[in-house]
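[1] coords please:
(chains A and B)
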2 protein chains.
Amino acid sequence: MEGYRRFLALLVSALLLGFVAVVCSIVWVLRYREGLGWDGGAAEFNWHPVLVVTAIIVYRLPWTWKCSKLLMKFIHAGLNTIAMILAIVSMVAVFEYHNARKIPNMYSLHSWIGLTLVFPKALTMNLFFPLRAALMPIHVYSGLLIFVAVIASALMGITEKLLFSLQSPAYSESPPEAIFVNCLGLLIVTFGALILWMASRPHWKRPPEENAKVQRPNGGAPEGVEAESTMTDCSNADRSDAGFNSEAARKRNFKLDEAGQRSTM
Amino acid sequence: MEGYRRFLALLVSALLLGFVAVVCSIVWVLRYREGLGWDGGAAEFNWHPVLVVTAIIVYRLPWTWKCSKLLMKFIHAGLNTIAMILAIVSMVAVFEYHNARKIPNMYSLHSWIGLTLVFPKALTMNLFFPLRAALMPIHVYSGLLIFVAVIASALMGITEKLLFSLQSPAYSESPPEAIFVNCLGLLIVTFGALILWMASRPHWKRPPEENAKVQRPNGGAPEGVEAESTMTDCSNADRSDAGFNSEAARKRNFKLDEAGQRSTM
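    Below you'll find the model as predicted:
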């Protein structure tokens, strides 16, 4: 793989940033807020930021090891399922909190965008299993778009929460909690920027397997390729990946690059 | 160009969406808020949302006509300069409003992210003129990242403004203004999603000119290519674009796709 060391460095950075972001969200609710609980109160609400930040990290955790395509598909689907479950539980926490306090649900732009994202997310996940070649570019694009939109939604959520919770001193007086949580927001943005960079480098895309089927619609836009992802190393590497990094594999890559897009992650 | 009609349809949709979003931001401040002015009061603040929404649209207005590369570079640089000026004036309006009302500046995550974006934006614009091949992938990536981050920042700004301004009835009671401005937020998100789709389709990238220089660093990641963008039609089309859509041009494309990334916009 070209720029292998740079890829590894970014991979480790993304893992670290993601880990720190999750820890920060936990510190936020434990140290500055009411902790965690499931009682219909503020402690239940607090699962919302913690689980959403964790979902964002899990959703795009770089897991691109040199595994067989099938194993990578399972890891990808598995992580996405975990992220989806975290997101749903985090929403249940908010609804229960709102209902217990008689606060209306679904009035803010944050809630509109956040809840809306569940549907394309479910759709994209459904697309994954019987993933037809022609749908691959849509799958990759919507995966990354949902990732970006969830981050935007999290930033709106942070804004809402700080404006609601910080009273004396107010958010505008920049108490320690405000600075801390603003930094959490910047961490999430940096994590997102890193992942987007890695996911959009053409030379870090996973080379196709030997038996990759290139489907090309007649006369239409040649967007169809099998699902592929970047890989780095894995103990149970599939033998069909033997062509990896070879000249032949690279030539096939150009063809596939023309034919559409492969997923890096 | 492959999928030319689809490209045109998306282009027109993006133009319409962008136009409607700008109109909505003006309707918001004229109908629901205090109008526009430059008096240190709320009417001055209102330039902020209007100019930022306009800047977002202008920044990524699809202008990819079949022009000479030089003309396209000038249009791209011109639109970016306009967007930058709009963004700066919009920030001046907020600072003046805050100072007149003795509201602290730069305390919210929205302000941190929004102001931070000015610097990479200025840097990316500086990169543009003497754009070296090796910097092109970074230029394209940071351009799109800034675009996405400004949208996220605008959504946070909308959230802040509605929470501050709507008192009786409050934001949570979903008065008409809340619904209207939430819809403006969704419009901006849809515009962004459309532009990102168009900008990331490999077959809608502008084919290289005849004299395109492919620079490839020794042993390093082959990211270097000349700045190129998708084009559709333009009266003063450059003759050097004659190879457009030909088999030879397409073959060069694969080579360039491997070598790095070209800009679609």
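
[2] any chance you could map the strands in the stretch 51-200 of chain A?
    Applying DSSP state E, counting those that start in this stretch to the stretch 51-200 of chain A gives no strands.

[3] Please identify the residues of it in proximity to chain B?
    Residues of the stretch 51-200 of chain A lying close to chain B by C-beta under 8 Å from any C-beta of the partner chain are A:103-104, A:107-110, A:112-113, A:137, A:141, A:145, A:148-149, A:151-153, A:155-156, A:158-160, A:162-164, A:171-174, A:178, A:181-182, A:185-186, A:189, A:193, A:196-197, A:200. Just so you know, the C-beta spots here come from the backbone N, C-alpha and C atoms, and that holds for glycine as well.

[4] Buried ones only from those residues, please, as a PyMOL command.
    The following PyMOL line selects those of these that are buried, judged by 16 or more other C-beta atoms under 10 Å in any protein chain shown:
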select buried, chain A and resi 107+108+109+110+112+113+137+141+145+148+149+151+152+153+155+156+158+159+160+162+163+171+172+174+178+181+182+185+186+189+193+196+197+200
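
[5] Give me the subset of the residues of the stretch 51-200 of chain A next to chain B lying in helices.
    Among those, DSSP state H puts A:109-110, A:112-113, A:137, A:141, A:145, A:148-149, A:151-153, A:155-156, A:158-160, A:162-164, A:178, A:181-182, A:185-186, A:189, A:193, A:196-197 in helices.

[6] how about the longest helix along chain A: buried residues?
    Looking across chain A with DSSP H, the single longest helix is helix A:69-101. Within helix A:69-101, the residues scored as buried using 16+ other C-beta under 10 Å are A:69, A:72-73, A:75-76, A:79-80, A:83-84, A:86-87, A:90-91, A:93-94, A:96-98.

[7] Minimum distance to chain B, which residue of the stretch 1-150 of chain A gives it?
    Scanning the stretch 1-150 of chain A for the residue nearest chain B gives residue A:3, at 3.9 Å (criterion: C-beta to the nearest C-beta).

[8] From residue A:203, how far out is that residue?
    Counting by C-beta to C-beta, to the nearest Å, the gap from residue A:3 to residue A:203 is 7 Å.

[9] These two: which is more packed in?
    Legend: neighbour count by other C-beta atoms under 10 Å in any protein chain shown for residue A:3 and residue A:203, higher for residue A:203 (21 against 16).

[10] Give me the nearest residue to that one, chain neighbours excluded.
    Spatially, and ignoring its direct neighbours in sequence, residue A:203 is nearest to residue A:2 (4.4 Å; C-beta to C-beta, 6 or more residues apart in numbering or on different chains).

[11] Could you tell me which ranges of the stretch 1-150 of chain A sit under the pLDDT cut-off?
    By pLDDT under 70, the low-scoring segments of the stretch 1-150 of chain A are A:1, A:61-66, A:126-131.

[12] redo that, cut-off 50
    Along the stretch 1-150 of chain A, segments meeting pLDDT under 50 are nowhere present.

[13] mind listing what the closest residue to chain B within the stretch 51-200 of chain A touches?
    Nearest to chain B in the stretch 51-200 of chain A, going by C-beta to the nearest C-beta, is residue A:152, at a distance of 3.8 Å. If you count contacts by C-beta atoms under 8 Å, 6 or more residues apart in numbering or on different chains, residue A:152 has them with A:113, B:148, B:151-152, B:155, B:189.

[14] Dump the residues you listed to TSV, plus distance to residue B:31.
    As requested, the contacts of residue A:152 are exported to TSV (distance: C-beta to C-beta, whole Å):
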residue	distance to residue B:31
A:113	24
B:148	29
B:151	23
B:152	26
B:155	21
B:189	22
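
[15] Specify which member of these is nearest to residue A:7.
    Of all the contacts of residue A:152, residue B:148 has the smallest distance to residue A:7: 22.4 Å, by C-beta to C-beta.

[16] residues contacting the residue lying closest to the closest one once chain neighbours are set aside?
    Spatially, and ignoring its direct neighbours in sequence, residue B:148 is nearest to residue A:148 (5.6 Å; C-beta to C-beta, 6+ apart). By C-beta under 8 Å, 6+ apart, the contact set of residue A:148 is A:192, A:196, B:148, B:152.

[17] same thing with residue A:103?
    A:97, B:172.

[18] give me phi/psi at it?
    Backbone torsions of residue A:103, given as degrees, to the nearest 10, read phi -90, psi 130.

[19] returning to what we had before: my guess is the residue of the stretch 1-150 of chain A closest to chain B meets residue A:202, correct?
    No. The pair residue A:3 and residue A:202 fails to qualify as a contact (C-beta atoms under 8 Å) at a distance of 11.2 Å.

[20] what comes up buried for the helix or strand hosting residue A:23?
    If you go by DSSP states H and E, residue A:23 is part of helix A:4-27. For helix A:4-27, burial by neighbour count (16+ other C-beta under 10 Å) applies to A:7, A:10-11, A:14-15, A:17-18, A:20-22, A:24-26.

[21] Could you dump these into TSV with distance to residue B:58 added?
    Formatted as TSV, these follow (distance: C-beta to C-beta, whole Å):
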residue	distance to residue B:58
A:7	35
A:10	32
A:11	36
A:14	32
A:15	38
A:17	32
A:18	34
A:20	36
A:21	33
A:22	37
A:24	36
A:25	36
A:26	41
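
[22] out of those, which touch chain B?
    Answer for the buried residues of helix A:4-27 near chain B: none qualify (C-beta under 8 Å from any C-beta).

[23] Check which helices and strands the helix holding residue A:23 is in contact with.
    If contacts are counted by 3 or more C-beta pairs under 8 Å, 6 or more residues apart in numbering or on different chains; DSSP states H and E, helix A:4-27 sits against helix A:47-59, helix A:176-199.

[24] going on from it, what's the next piece of helix or strand?
    Next element after helix A:4-27 (DSSP H and E): helix A:42-45.

[25] Cool, thanks, talk later.
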